[in-house]
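**Q** Sharing a sequence plus its predicted fold:
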Amino acid sequence: MQPGHNIESVLYSAGDISERVKELGKLITEAYSGKELILICPLKGSVIFFADLMREIKIPVEIDFMSVSSYNSSTISSGEVKVLKDISTGIAEKHVLIIEDIIDTGLTLKEVRGIIEKRKPASLKICTLLNKPSRRIADIEPDWSGFVIPDKFVVGYGLDYGEKFRNLPYIGVLKTSNT
Ligand code: IMP
Ligand code: MG
């Protein structure tokens with residue numbers, strides 16, 4: 001698919017993403033074989049990655065969703081979060097994997113990790129599709145990462161700008177005239 005007039009360039013095509021998602025699924029399947037695994041999807045950006053990745057994980061899993069909002073809704077995260085929707089699954093003594101769309105400053109995920117950690121899971125790990133390490137502020141690193149990307153604002157495959165572009169099947173760089 002050609003980039004639309006809002007998209008400067010396609011960073012990862014649907015094919016690139018699906019290939020990488022399969023690889024991640026394999027690694028996660030191996031890492032958790034014989035264990036009880038709960039996958040947590042922080043809404044909304046992660047939903048597409050979450051839905052694709054869970055089908056590449058070939059062990060039984062439970063899934064749950066969580067929604068947090070940062071108080072600052074701009075593209076710069078404030079690091080304070082409010083839980084809008086909590087998970088309903090008991091996670092004590094179970095292995096938990098948070099599946100994220102992107103780690104940018106890491107401030108949001110650090111808060112989410114803190115909330116989950118308090119519930120004493122057997123283990124807590126993070127898989128992110130995209131990692132922007134150059135922007136990191138919080139001390140947080142993914143255990144699995146799909147792609148390391150430069151400091152560009154990207155949309156598509158779940159990622160939004162102003163709640164738009166989530167339905168693009170590829171990940172593209174947004175034209176700066178849009179931001
Ligand atoms: P962080 O707290 O700065 O790591 O990022 C929190 C959230 O900001 C992510 O879960 C995304 O929703 C959003 N975000 C960060 N970078 C991008 C981007 O390049 N495109 C779209 N959303 C982004
Ligand atoms: Mg967002």
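**A** Alright, I've got the coordinates. All of these numbers come straight from a predicted model, not from anything done at the bench. Ligands and ions are numbered 1, 2, ... in the order given.

**Q** Measure how buried the nearest residue to residue 155 once chain neighbours are set aside is and give me the count.
**A** Spatial nearest neighbour of residue 155, chain neighbours left out: residue 165 (3.7 Å); criterion: C-beta to C-beta, 6 or more residues apart in numbering. Glycine gets a C-beta too; all of them are placed from N, C-alpha and C. Other residues near residue 165 come to 21 when the count uses other C-beta atoms under 10 Å.

**Q** Show the backbone phi and psi for residue 165.
**A** The phi/psi pair for residue 165 (degrees, to the nearest 10) reads phi 80, psi 0.

**Q** Could you verify my assumption that it touches residue 156?
**A** Yes: if you go by C-beta atoms under 8 Å, residue 165 and residue 156 touch, sitting 5.6 Å apart.

**Q** What about residue 156, how many residues nearby?
**A** When neighbours are counted by other C-beta under 10 Å, residue 156 registers 25.

**Q** Next: residue 147.
**A** Neighbours of residue 147 (other C-beta under 10 Å): 17.

**Q** That one contacts residue 133, doesn't it?
**A** No: judged on C-beta under 8 Å, residue 147 makes no contact with residue 133 at a distance of 11.4 Å.

**Q** Could you name every residue contacting both of residue 165 and residue 156?
**A** Common contacts of residue 165 and residue 156 (C-beta atoms under 8 Å, 6 or more residues apart in numbering): residue 172.

**Q** Show me which helix runs longest in the protein.
**A** helix 14-31 (DSSP state H).

**Q** Which other helices and strands does the helix or strand following that helix contact?
**A** Downstream of helix 14-31, the first helix or strand assigned by DSSP states H and E is strand 37-43. Contacts defined by 3 or more C-beta pairs under 8 Å, 6 or more residues apart in numbering; DSSP states H and E place strand 37-43 against helix 47-54, strand 61-70, strand 95-103, helix 107-117.
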